[in-house]
Each structure stands twice: as structure tokens, then as C-alpha cells.
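# I'll drop the sequence and a predicted model, then ask my questions.
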Amino acid sequence: MSKYWSPAINQLTPYVPGEQPKVDNLIKLNTNENPYPPSPKVAEAINNYPKDRLRLYCDPDATALKQSLADHFQLNYQNIFVGNGSDEVLALAFMAFFRQDKPLLLPETTYSFYDVYCNLYDIDYRQIPLTEQFEIDFSAYEQANGGIIFANPNAPTGRLTPLETIEALLQKNTESLVIVDEAYIDFGGTSAVELTRRYDNVLIIQTFSKSRSLAGLRIGFALGHEDLIAGLERVKNSFNSYPLDSIAIAGAVAALEDIEYFEKTTQKIIECREWSSHALEQLGFEVIPSKTNFVFTRHRSLSGAELMQYLRHNNLLVRHFSKPGIDNFLRITIGTFAEMNSLIETLKQHPNI
Ligand SMILES: *Cc1c(COP(=O)(O)O)cnc(C)c1O
């Protein structure tokens with residue numbers, strides 16, 4: 001606290017990112033990073049970037065990356081927005097679209113940055129409980145609102161909403177924008193990107209942090225109708241003209257072009273997720289069916305907090321949320337087969353498993 005703070009800053013509860021430990025003997029399964037390095041083409045592009053050009057400002061429009069994304073998704077350049085990680089794209093989108101008279105609707109259990117942005121921008125919001133099967137309860141979204149946001153697949157549950165359900169929502173909810181955060185869509189889901197061609201009330205947000213192994217390079221993007229993108233550009237250019245640096249732009253383009261590497265690594269993670277889910281079930285865990293690079297799971301007799309501590313003690317870092325309703329669950333990132341095998345073997349040695 002400081003008397004120099006703007007008064008509203010006292011009321012903020014900032015997002016707490018997963019731990020990035022300073023020691024390296026830990027198996028890190030707590031922040032949904034990709035266990036595989038980025039495509040070798042990324043290193044090549046970064047190494048080959050002419051360093052004398054760092055003297056100059058980067059391209060404020062990140063034209064090369066937007067054009068690559070447009071080609072990749074078969075959209076027009078005007079349908080693409082890029083930012084410094086999808087967290088930044090989300091922050092700008094909340095500012096651009098959700099400061100309305102009516103409340104924003106979002107799942108009670110979802111990415112916990114959403115309500116942080118609401119508080120930052122003083123956006124009224126209503127959190128809607130998931131069903132008992134941890135699905136998003138879309139029937140409850142049929143009420144007056146100033147916008148809707150959810151992650152698909154949802155986090156931290158890992159559950160995927162089918163495309164037909166999203167399309168039905170767009171047909172009913174025509175007076176406000178629906179944002180679909182597809183941070184994990186590449187691990188077995190079908191993107192709603194095709195809906196952006198037919199509906200002007202949907203914005204898709206994706207990231208290079210998970211499926212393209214580039215969490216540290218900070219690249220996120222949004223896809224949607226050109227009027228939505230123009231709104232984002234207005235906010236972005238009122239805040240920071242250069243959110244993506246020249247090196248990040250070069251690396252991102254290279255990552256996007258290496259489709260073969262992307263498919264190989266995502267496929268390995270999907271296979272390992274299925275293997276890990278099965279192995280956990282054998283040990284008495286309930287595993288919510290996941291289409292992401294993590295599993296959300298609870299043990300039939302041990303508490304989430306206790307298991308997290310036990311794993312931590314054995315150099316395995318997983319994520320636990322002390323939020324009522326999900327506090328017996330662990331969110332475990334899918335690592336390599338060797339890492340997941342260590343997790344399973346460590347769990348087997350627990351006296352009560
Ligand atoms: C990881 C994640 C993000 C943030 O991704 P960055 O691009 O690294 O900022 C956004 N939404 C969800 C649901 C995520 O899990």
C-alpha cells in the first residue's frame with residue numbers, strides 16, 4: 001500500500017501465475033508448458049535475424065506474422081490481431097468489448113485471469129456454475145448480458161465443448177460478443193475459427209505458448225470479423241504500438257510454418273495424455289476427460305493439497321487450486337513419457353495409494 005497509488009489499485013487482486021522455480025531438478029508439470037522445445041526452425045530464424053536491425057522499431061503491425069496467420073487459417077489479413085501473449089490480447093479485448101452496462105457472463109470455474117481483468121476495468125460479471133460433470137452449462141447463458149467468455153477446451157477442467165453447441169450459442173446470443181479462448185484447442189479439439197466467417201459476434205483467441213512450445217516468446221492472436229479486429233487495434237494503439245518485438249515476430253512465423261513438427265509434438269502429447277489418464281485411473285484417480293495438454297484429476301481418498309505436497313516433496317510440481325469445489329483436484333500438465341512415468345511411479349509409492 002502506498003498513498004501514491006491510484007485508489008482503485010487497493011481493490012485489485014492480481015492473477016498469480018504458476019511457480020517458475022529457480023532450481024532445475026524439478027519435474028515441472030504446473031503451468032501447462034510444452035515439454036518439447038520449439039521447432040528448430042524457430043532457433044534458426046532467431047539466429048539469422050539481422051541484429052543491427054534491432055536499432056529500429058519493430059513493425060507495429062507485425063505484418064509478416066499477421067500474413068502468415070491469415071494464410072494458415074485461410075482468413076483475410078483484416079481478420080487477424082496479434083499481441084504479446086494471449087493474456088495481453090485478452091486484456092485488450094476485455095477493454096474493447098466488455099465494458100458494457102450489462103454483466104459479462106463466464107463459467108465459475110475457468111481461466112482465473114478473466115475475473116482479474118473484470119476487476120481491473122470495473123466490469124460487472126456473473127459467474128455461472130459448471131454442471132456436475134464439469135461441463136459449461138450453456139442453458140444458463142440465455143440471459144441479458146454484455147458479453148460471454150469461456151475457454152474451449154475449458155481450463156482447468158480440460159473439457160471440450162462441441163462446435164455445434166458454440167454455434168447454437170452464437171445464434172441465440174446476437175446482441176453481445178462471445179469470446180472463445182482456444183489456448184488448448186490444438187490438443188484434440190476442433191477450432192471455432194470457421195464460425196468467424198459466418199458470425200460477426202464471435203472472437204477466437206489462441207496462443208503460441210502451449211501447442212507451439214513458445215511460452216517464453218510471448219505471442220497470442222485473435223481471429224474474427226474485421227470490425228472486431230478494428231476495435232482491438234484502436235485499444236492496442238492507445239496503449240502500446242509495439243507489443244511484439246522483431247525477434248518474436250521472426251520466431252512466430254517460423255513456428256507457424258513448421259506444420260510437420262507441430263503435428264508430431266502435439267500428437268506425442270495427446271498419446272501421452274491418454275496413457276497418463278489411464279495410469280492415473282488404475283491408481284484410484286478420477287480423471288475428467290481432457291482435450292488439452294493437462295489432466296484435471298482427484299483421488300478417491302486423498303486430498304488435493306496433501307497430494308500436491310507429497311509430489312512437491314518428491315520434486316514433482318503440479319498445480320492445485322484452493323478454491324472450494326475444486327480443491328481436491330490437481331491440474332497436471334502432460335510432460336514427456338519419461339516425466340509422466342516418474343509421476344506415476346512416485347504416486348505408486350505413496351503409502352495410501
Ligand atoms: C495459458 C493460457 C492463456 C495465456 O497464454 P499466453 O499466450 O501465454 O499469455 C490464456 N488462456 C488460457 C485458458 C490459458 O490456459
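Arrived safely.
# Check for me that residue 72 belongs to a helix.
Yes. Under DSSP: H, G, I helix; E, B strand; the rest coil, residue 72 falls within a helix.
# And the helices in the protein?
Ranges of helices in the chain, per DSSP state H, are 40-48, 63-73, 85-97, 113-121, 163-172, 226-236, 246-257, 259-282, 304-313, 337-348.
# Relative to the ligand, which of those helices is closest?
Comparison of those against the ligand by C-beta to the nearest ligand atom identifies helix 85-97 as nearest, at 3.1 Å. (C-beta placed from N, C-alpha, C; glycine too.)
# Summarise which helices and strands the closest one is packed against.
strand 80-83, helix 113-121, strand 178-181, strand 202-207, strand 220-224, helix 226-236 (3 or more C-beta pairs under 8 Å, 6 or more residues apart in numbering; DSSP states H and E).
# Close to the ligand: what parts of the stretch 101-250 of the chain are there?
111, 151, 155, 181, 183, 207, 209, 215, 220 (C-beta under 6 Å from any ligand atom).
# Would you confirm that the first one contacts residue 181?
Yes. Counting by C-beta atoms under 8 Å, residue 181 is a contact partner of residue 111 at 6.4 Å.
# can you list the domain ranges for this structure.
7-37+260-348, 40-258 (automatic domain parsing).
# is it possible to export the helices and strands packed on helix 85-97 to a markdown table including mean pLDDT and mean neighbour count?
As requested, these are exported to a markdown table (pLDDT from 0 to 100; neighbours: other C-beta atoms under 10 Å):
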| stretch | mean pLDDT | mean neighbour count |
| --- | --- | --- |
| strand 80-83 | 98 | 25 |
| helix 113-121 | 97 | 18 |
| strand 178-181 | 99 | 26 |
| strand 202-207 | 98 | 25 |
| strand 220-224 | 99 | 26 |
| helix 226-236 | 98 | 17 |
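# just to revisit the earlier point, quick check: the farthest pair among the residues of the stretch 101-250 of the chain next to the ligand?
151 and 215 (16.4 Å; C-beta to C-beta).
# burial count for the residue lying closest to residue 143 once chain neighbours are set aside?
Spatial nearest neighbour of residue 143, excluding adjacent residues (C-beta to C-beta, 6 or more residues apart in numbering): residue 105 at 7.3 Å. For residue 105, the neighbour count with other C-beta atoms under 10 Å is 23.
# Could you do residue 159 as well?
Residue 159 - counted by other C-beta under 10 Å - has 22 other residues nearby.
# Which residues are in contact with it?
Counting by C-beta atoms under 8 Å, 6 or more residues apart in numbering, residue 159 touches 134, 135, 136, 153, 288, 289, 290, 291.
# So for residue 151 and residue 215, which residue has more residues nearby?
Counting neighbours by other C-beta under 10 Å for residue 151 and for residue 215 shows that residue 151 has the greater number, 25 against 17.
# isn't that one right up against residue 181?
Yes. Here residue 151 reaches residue 181: they are 4.1 Å apart, a contact under C-beta under 8 Å.
# Need the residues touching each of the two.
In contact with both residue 151 and residue 181: residue 111, using C-beta under 8 Å, 6+ apart.
# pLDDT score assigned to the residue nearest in space to the middle of the chain?
With distances taken as C-alpha atoms, centre = their mean, the residue of the chain nearest its centroid is residue 183 (3.4 Å). As predicted, residue 183 sits at a pLDDT of 98.
# Which residue, other than its chain neighbours, is closest to it?
That would be residue 207: by C-beta to C-beta, 6+ apart, it lies 5.1 Å from residue 183.
# before we move on, back to that, which among the helices of the chain is found nearest to residue 323?
helix 304-313 (10.3 Å).
# So what touches the closest one?
Residues beyond helix 304-313 that count as contacts (C-beta under 8 Å, 6+ apart) turn out to be 298-299, 317-320, 322, 327-330, 343, 346-347, 350.
# Which single one of the residues you listed is nearest to the ligand?
The closest of the contacts of helix 304-313, once distances to the ligand are taken by C-beta to the nearest ligand atom, is residue 319, at 10.9 Å.
# need the contact list for that closest one.
Counting by C-beta under 8 Å, 6+ apart, residue 319 has contacts 18, 30, 31, 156, 308, 330, 331, 332, 333.
# what's across from it in the sheet?
Beta-bridge partners for residue 319, by DSSP bridges, are residue 331.
# which residues does the nearest residue to residue 228 once chain neighbours are set aside form a beta bridge with?
Spatial nearest neighbour of residue 228, chain neighbours left out: residue 203 (5.3 Å); criterion: C-beta to C-beta, 6+ apart. Residue 203 has these beta-bridge partners by DSSP bridges: residue 179, residue 224.
# Tell me which of the contacts of residue 319 has the lowest pLDDT.
Within the contacts of residue 319, lowest confidence goes to residue 18 (84).
# on that earlier part again, between the helices and strands packed on helix 85-97, which gets nearest to residue 50?
strand 80-83 (21.4 Å).
# does the ligand sit close to that closest one?
No. Strand 80-83 is not in contact with the ligand by C-beta under 6 Å from any ligand atom; minimum separation 8.4 Å.
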